[in-house]
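Trainee: predicted coordinates and the sequence they were generated for:
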Amino acid sequence: MLFSSLKQKITVSLHKKSCTRQFESKLSLRSFAFSLQKIIRTIHYLSGLNRTRDRIIQNPPLLREHALHIHIYIYQQNKITTSMKWIVITQPDFIENEATYINKLFDAGIDLLHLRKPESNIEECKQLIQEIDKKWHKKIVVHDHFELCQEFHLHGIHLNRRNHEIPEGFLGSISQSCHSFKEVEQALQTISPKNKDEKSAILKPACHYVFLSPIFDSISKKGYKHSFSNKDLEEAGINGIINERVVALGGVTPEYIPQLRAWNFGGAAFLGDVWNRRTDAKWTEYLTGIKQKLTPGNAKNTLNSSNIW
């Protein structure tokens, strides 16, 4: 039925084309030929699946191989159709007019702001949050002074080496910094209850999402080099270690976004590049460009292992 339907569509398409006196240009003819070729390839592919179905089912190793190819295909299609999350991390020190810049970042479409001020006291962070438009508070994640999350109804907390304990009874979003694939797997694995009588008997993720770094050479930390090879990142993406809950951090710039999507990252975290450009006359246009590249289909990947490192 499927093949019959496709053939009927081709026949109708050819009939419509034959009724046309002539193509407007050679480009139109080439475009039509290319479209027809794609349809024919689809029919051949589906026919091939039909012919080999029984052989695949009767051969477990072959079945596993085809399952892997299907998994890769699905994850590649998801990369094409899913928007990546856009996260911006604050500079470690307070800067002049910081709240104004943060409001502009939210206006530009960032999904989350990570408030990271490792040397700050709670009053300094509280003052900055109060200066940020209240409508954006639900999109702020704190790396320090976790009690601010409840006071200002913030999005969540970010675990790190300074603050690695989840407050008792905390129900907001939890994220974490990771520097290896093993740490990613541990942070995203589900927590099993210790016994069946526990109230927390429902399985839940340890973290809602994580940062993996450094993916590229750091911009904000001079001399802090990338930790992963192109091949390692490709394999981690195919195997599902890097997925929609893993956010790339470290040396991220707009031109790297397509490559991050190819590696299956669910988001990109900006720090040095965004803040170094904040006084540029075209900062707003720069931010708009980032948002567009994070949207499916708007960024062509021209990077590979040979021209990244």
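Mentor: Alright, I've got the coordinates.

Trainee: so where's the stretch 1-150 of the chain uncertain?
Mentor: 1-81 (pLDDT under 70).

Trainee: residue ranges for the strands of the stretch 201-309 of the chain, please.
Mentor: 204-205, 209-212, 246-249, 267-270 (DSSP state E, counting those that start in this stretch).

Trainee: list the contacts for Thr90?
Mentor: Glu98, Ile102, Leu113, His114, Leu115, Arg116, Lys117, Trp275 (Cβ atoms under 8 Å, 6 or more residues apart in numbering). For every residue, glycine as well, the C-beta is placed using N, CA and C.

Trainee: what sits against the first one?
Mentor: Glu98 is in contact with Thr90, Leu128, Glu131, counting by Cβ under 8 Å, 6+ apart.

Trainee: repeat that with 7 Å
Mentor: Residues in contact with Glu98 (Cβ atoms under 7 Å, 6 or more residues apart in numbering) are Leu128.

Trainee: same thing with the second one?
Mentor: Listed by Cβ under 7 Å, 6+ apart, the contact set of Ile102 reads Leu113, Ile132.

Trainee: the same query, at a cut-off of 6 Å, please.
Mentor: Ile132 (Cβ atoms under 6 Å, 6 or more residues apart in numbering).

Trainee: then the fourth one?
Mentor: With contact set as Cβ under 6 Å, 6+ apart, His114 has these partners: Ile89, Val141, His158.

Trainee: need those residues in TSV (columns: neighbour count).
Mentor: Formatted as TSV, the contacts of His114 follow (neighbours: other Cβ atoms under 10 Å):
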residue	neighbour count
Ile89	22
Val141	22
His158	25
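
Trainee: quick one: which of those residues is nearest Phe152?
Mentor: Using Cβ to Cβ, Val141 is the member of the contacts of His114 that lies nearest Phe152, at 11.6 Å.

Trainee: show the subsequent helix or strand relative to the helix or strand hosting Gln127.
Mentor: Using DSSP states H and E, the element containing Gln127 is helix 122-131. The helix or strand immediately downstream of helix 122-131 is strand 140-142, counting by DSSP H and E.

Trainee: counting by contacts, list what that following strand packs against.
Mentor: Judged by 3 or more Cβ pairs under 6 Å, 6 or more residues apart in numbering; DSSP states H and E, strand 140-142 is in contact with strand 112-115, strand 156-159.

Trainee: list the contacts of it.
Mentor: Contacts of strand 140-142 (Cβ under 6 Å, 6+ apart): Leu112, Leu113, His114, Leu115, Leu148, Cys149, Leu154, His155, Gly156, Ile157, His158.

Trainee: point out where the stretch 151-300 of the chain drops to low pLDDT.
Mentor: In the stretch 151-300 of the chain, residues with pLDDT under 70: 190-205, 297-300.

Trainee: per the annotation, how does this protein divide into domains?
Mentor: Split into domains by automatic domain parsing, the chain comes to 2-58, 82-308.

Trainee: deepest in the core, which of the ones you listed is it.
Mentor: domain 82-308 (a mean of 17; mean count of other Cβ atoms under 10 Å).

Trainee: what sits against Arg116?
Mentor: Ile89, Thr90, His143.

Trainee: picking that back up, a markdown table please, covering the strands of the stretch 201-309 of the chain and showing distance to Lys221.
Mentor: A markdown table is the format used below for the strands of the stretch 201-309 of the chain (distance: least, Cβ to Cβ, whole Å):
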| stretch | distance to Lys221 |
| --- | --- |
| strand 204-205 | 29 |
| strand 209-212 | 14 |
| strand 246-249 | 11 |
| strand 267-270 | 14 |
